[in-house]
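Enquirer: Provided below are the primary sequence and the corresponding predicted coordinates.
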Amino acid sequence: MLKKLLLVAALGSAAVFSGCESMQTSPHITENLQLLQNKTWIATQIGGTEIKTAPNARNIPSIQFDEASKRVSGSDGCNRIMGAYTAGNDTLQLSQLGSTRMACPGNGNLDQAYNAALSKVTHYQVYGKTLKLLDHNGNLLIQYESAVHPR
């Protein structure tokens with residue numbers, strides 16, 4: 001009986017310690033988050049379609065992930081967007097997304113395509129100055145390049 005109790009206690013302790021160890025943030029997760037957060041990302045592609053915007057355009061589709069507040073903000077090419085996010089090593093969940101509701105004539109429904117793509121995001125990849133937002137199958141939804149000037 002004592003051996004069984006000792007075995008259960010040892011297994012329980014091992015489970016607790018391994019659980020605590022996995023709760024720590026790995027250096028790879030921290031590195032990915034640092035590359036994702038606190039910069040302005042300018043959309044260059046939605047799905048397989050390249051986004052062409054004039055350099056002097058007023059509302060270029062963009063996104064920012066604020067590390068301190070865990071808030072996401074940006075523009076869909078017409079309206080301001082805002083919400084919350086949770087990010088892991090390669091996972092990204094956008095929640096409580098909202099936007100202003102201005103009329104957007106002449107933008108070729110860019111705002112609608114951008115918001116539809118954002119609603120499907122589950123993962124991300126960051127390589128240098130490129131951010132890719134992906135769906136659960138790994139398909140490209142939106143691709144960004146980091147802006148020259150931080151916000």
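Expert: Now that the structure is in, tell me what you want to look at. Residues are numbered from 1 along each chain as shown.

Enquirer: Now do the contacts for T86.
Expert: Taking Cβ atoms under 8 Å, 6 or more residues apart in numbering, we find T86 in contact with 70, 92-93, 95. For the C-beta atoms, the positions are set from N, CA and C on the backbone; glycine is no exception.

Enquirer: try 10 Å
Expert: Counting by Cβ atoms under 10 Å, 6 or more residues apart in numbering, T86 touches 70, 92-95.

Enquirer: now it: how far from Q37?
Expert: In this view, T86 and Q37 are 12 Å apart by Cβ to Cβ, to the nearest Å.

Enquirer: again with N115
Expert: 22 Å.

Enquirer: do G77 as well
Expert: For G77 relative to Q37 (Cβ to Cβ), the value is 22 Å.

Enquirer: Comparing these two, which shows the higher neighbour count?
Expert: Neighbours were tallied for G77 and for Q37 using other Cβ atoms under 10 Å; the higher tally belongs to G77 (26 against 17).

Enquirer: Quick check, pLDDT for the residue nearest to the spatial centre of the chain.
Expert: Closest to where the C-alpha atoms of the chain average out (Cα atoms, centre = their mean) is L92, at 4.4 Å. For L92, the pLDDT comes out at 97.

Enquirer: who touches the host helix or strand of I42?
Expert: In this structure, I42 sits in strand 40-46 according to DSSP states H and E. The contact list for strand 40-46, computed with Cβ under 10 Å, 6+ apart, reads 50-53, 60-65, 73-77, 110, 113-114, 116-118, 126, 129-133, 140-151.

Enquirer: Please tell me how far stretch 102-111 is from the chain's geometric centre.
Expert: 24 Å (Cα atoms, centre = their mean, to the nearest Å).

Enquirer: quick one: average confidence on it?
Expert: Per-residue scores along stretch 102-111 average to 84.

Enquirer: Also stretch 77-85?
Expert: Rounded mean pLDDT across stretch 77-85 is 95.

Enquirer: what about the strands in the chain?
Expert: Applying DSSP state E to the chain gives strands spanning 40-46, 49-50, 62-66, 71-75, 80-87, 92-99, 123-127, 130-134, 140-146.

Enquirer: Please tabulate the ones you listed in JSON lines and include distance to N32 as additional columns.
Expert: Conversion of the strands of the chain to JSON lines gives the following (distance: least, Cβ to Cβ, whole Å):
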{"stretch": "strand 40-46", "distance to N32": "14"}
{"stretch": "strand 49-50", "distance to N32": "25"}
{"stretch": "strand 62-66", "distance to N32": "11"}
{"stretch": "strand 71-75", "distance to N32": "16"}
{"stretch": "strand 80-87", "distance to N32": "8"}
{"stretch": "strand 92-99", "distance to N32": "10"}
{"stretch": "strand 123-127", "distance to N32": "6"}
{"stretch": "strand 130-134", "distance to N32": "11"}
{"stretch": "strand 140-146", "distance to N32": "14"}
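
Enquirer: Fine, thanks again, bye for now.
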